[in-house]
Each structure stands twice: as structure tokens, then as C-alpha cells.
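Asker: Sharing a model that was predicted from the sequence below.
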Amino acid sequence: MYVGVTWGTRAPAKSTSDRLSAGGNDRHTSAAMLSICARHTRGGIYLCNYLTTQRAGGPAPCHVSTSQPSLSKGHRDYSLPNASWSQNLQDLYNKYQELTKNGDWKRLPSYNTSVHHREGDPMDGERENRLFTRNLDKDGVGLEYCMFYNKAEKRMVCIFQPGPYLEGPPGFLHGGCTATMIDSTAGGGAVCTVGPVFTANLNIDYRNPILLGSTAIADSTVEKVDGRKVYTRCTVRGHDDKVVYAEATGLFIKSSNL
Ligand SMILES: CCCCCCCC/C=C\CCCCCCCC(=O)SCCNC(=O)CCNC(=O)[C@H](O)C(C)(C)COP(=O)(O)OP(=O)(O)OC[C@H]1O[C@@H](n2cnc3c(N)ncnc32)[C@H](O)[C@@H]1OP(=O)(O)O
């Protein structure tokens, strides 16, 4: 499976912070923080369907393929297990990999450069820009994660293990990082369901702190699509489902100029 991304050139018509200061509910909103990442890209990131070409007159459907692009030297699929993965993360990976066998679930490959998710990218160049969630070189110190998508359920699951360089409160994961994983999981689910989107709004209730080095699951579903608006819900739980770390809703807007 191959996830496509296209770099945007159009400046957003209105920033999320403008909208929030204009009367939106910002009590638990992390969207402004997350848009920092997009600002670095001068106009943001457009997330495309993978292996999809836009069909005239209709939304871009999600075409899932198990084919992987051939990786040239220096490029790596970071969604695959490495030595830093805990047994809990490995066990969850094995569980979802098993579920991919009948085709209901697909594993998403993951690269450290966003354009390498783009359909047709030859993956032969070096880029200075790094995907926010893959910006540390050493395995295990940052985010270790793998996403799986279930098309029938419009559901994206991300199993992840936050490393020591992601600290917020002593020993615990920074809340912005939790927000990033929610945004990426729900955003990824929206992309796989409707095609390219931007995050417009993200509301998070943090229920329990996440220990660095633990294993968690972000579980997101597209609840409703209303025109260009894609409404999602996401829960972050511990690896054994015993603790809820965060609950969130996210609004994603289909990008109109792709
Ligand atoms: C990091 C990428 C990595 C790629 C890796 C690929 C691997 C794949 C794996 C996994 C996927 C990972 C996924 C990552 C996820 C990360 C995503 C981001 O971080 S995105 C960056 C942050 N977001 C922005 O920077 C947007 C900034 N805002 C904008 O650009 C615009 O405001 C935008 C596009 C959101 C809307 O602007 P308009 O001009 O297109 O549309 P208008 O007409 O204003 O809104 C459309 C409708 O939506 C409502 N709306 C818009 N914003 C709203 C809001 N905040 N709250 C409520 N409603 C809102 C409006 O009221 C309107 O509704 P009515 O059609 O009239 O009913």
C-alpha cells in the first residue's frame, strides 16, 4: 500500500487561529499548535489518496494496494518493527498484521520524507525536509509507530511507542505529541476515506498521562462526511485497553485544489 502526498502551493484562505479567535471553541483545541508544522511547508501539506487518480466529477476514492514502491538506497519503511520496539508494540503489530491477511486491514508504509508517500515519487532523492513524526534518526528515541486502515469501517488504528525525547511532564509524553498522533491517525483515516484533507479543528480531552516507553493505540473512525467536511472521532488507549489516555474529535476539510 502506498500513501500519496502532494505539497501545496496555495496559502490557506484563513488560518485556524483566525477562526478560533473569531468565536470557535478553543478550550481543548490543539489545531493551532499543529499548524506550526504546516507553516514550515509554506502553504501546508496536502494529503493525497494513495494509488489514486482523481475521477472526473467525483470524490477520489481510496484504492488500497499491497504493492510497495521499490526503496532505493537510504530509504526505509519505518512502519516495520526494529530493535527498539517493546514486546507490547511487537505483539500489537503481529495482531494487526494477522488481520491484514483476509484483506480487511492494510498496513500503511511509512517514510521519513512526506513526498515519498506521493504517488509516483521515484524515492531517489535526498531531502532536507523531514516528516514531523519521523524526524529523529535514532530508533526508539522519538515515535515508533505503525498504522493500519480498515476501509469497510473507515477506521485507522495507529499503534505507537513514544520514546524519551518526547517528554512533557517528567517521565510522561508531551501533550502536543499525543495531539500529533491523534491528528496523524484521524487525518490518515480521513485521507484514506475521502482523499486529500487539511486538519481544520482538533478537540482533545486528555484523560490520563502516557508514560514514555509505553505502548498505546490511537483508534480513529470517520463518523460523517458532509460535503468537504470530514468528521472524525479518535480514542487513545493503552496497549491492553485498560486505560483511556485521550478522547478527541477532529474536523478535516477536503482540499479543493487537487
Ligand atoms: C504531516 C503530513 C504527513 C504526510 C504523511 C503521509 C503519511 C500518511 C499517513 C498518515 C497520514 C498523516 C496525516 C497527517 C495529518 C496532519 C495534517 C495536518 O497537520 S494539516 C496542517 C494543519 N492544518 C492547516 O494548516 C489548515 C489551515 N486551514 C486551512 O487551510 C483552511 O482553513 C481550510 C483548508 C481548513 C479550510 O479552508 P477552505 O477555504 O478550503 O474552506 P472553507 O470554506 O473555509 O471551509 C469549508 C467548510 O468547513 C468549515 N470549517 C472550516 N474550518 C473550520 C473549523 N476550524 N471549525 C469548524 N468548521 C470549519 C467552514 O465553515 C465550511 O463549512 P460550510 O461548507 O460553509 O458548511
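Answerer: Received the coordinates, thanks.

Asker: okay, now Thr133: neighbour count?
Answerer: 21 (other CB atoms under 10 Å). In short, each C-beta sits where N, CA and C put it, glycine included.

Asker: Apologies, that question was intended for Ser255.
Answerer: Ser255 is surrounded by 21 other residues when neighbours are defined as other CB under 10 Å.

Asker: same thing with Lys151?
Answerer: 16.

Asker: May I have the phi/psi pair for it?
Answerer: Dihedral angles of Lys151 (phi, psi; degrees, to the nearest 10) stand at phi -70, psi -40.

Asker: so it makes contact with Gly189?
Answerer: No: contact criterion CB atoms under 8 Å: Lys151 and Gly189 do not qualify, at 10.2 Å.

Asker: tell me, what's touching these two both at once?
Answerer: Counting by CB atoms under 8 Å, 6 or more residues apart in numbering, Lys151 and Gly189 have no contacts in common.

Asker: helix, strand or coil for Lys95?
Answerer: What DSSP: H, G, I helix; E, B strand; the rest coil gives for Lys95 is helix.

Asker: That one and the ligand, how far apart?
Answerer: Using CB to the nearest ligand atom, to the nearest Å, Lys95 is found at 20 Å from the ligand.

Asker: How many residues are close by that residue?
Answerer: Count around Lys95 with other CB under 10 Å applied: 11.

Asker: where does it sit relative to Leu89, distance-wise?
Answerer: Going from Lys95 to Leu89 by CB to CB, to the nearest Å gives 11 Å.

Asker: repeat for Val222
Answerer: Counting by CB to CB - Val222 and Leu89 are separated by 25 Å.

Asker: With His174 instead?
Answerer: 19 Å.

Asker: Settle it for me: which of the two has more neighbours?
Answerer: More neighbours surround Leu89 than the other of His174 and Leu89, with 22 against 16 (other CB under 10 Å).

Asker: Which pLDDT does the model give Ala56?
Answerer: Looking at Ala56, its pLDDT stands at 32.

Asker: Quick one: mean pLDDT over the helix or strand harbouring Ala218.
Answerer: Here Ala218, judged by DSSP states H and E, is contained in strand 216-226. Average pLDDT, strand 216-226: 98.
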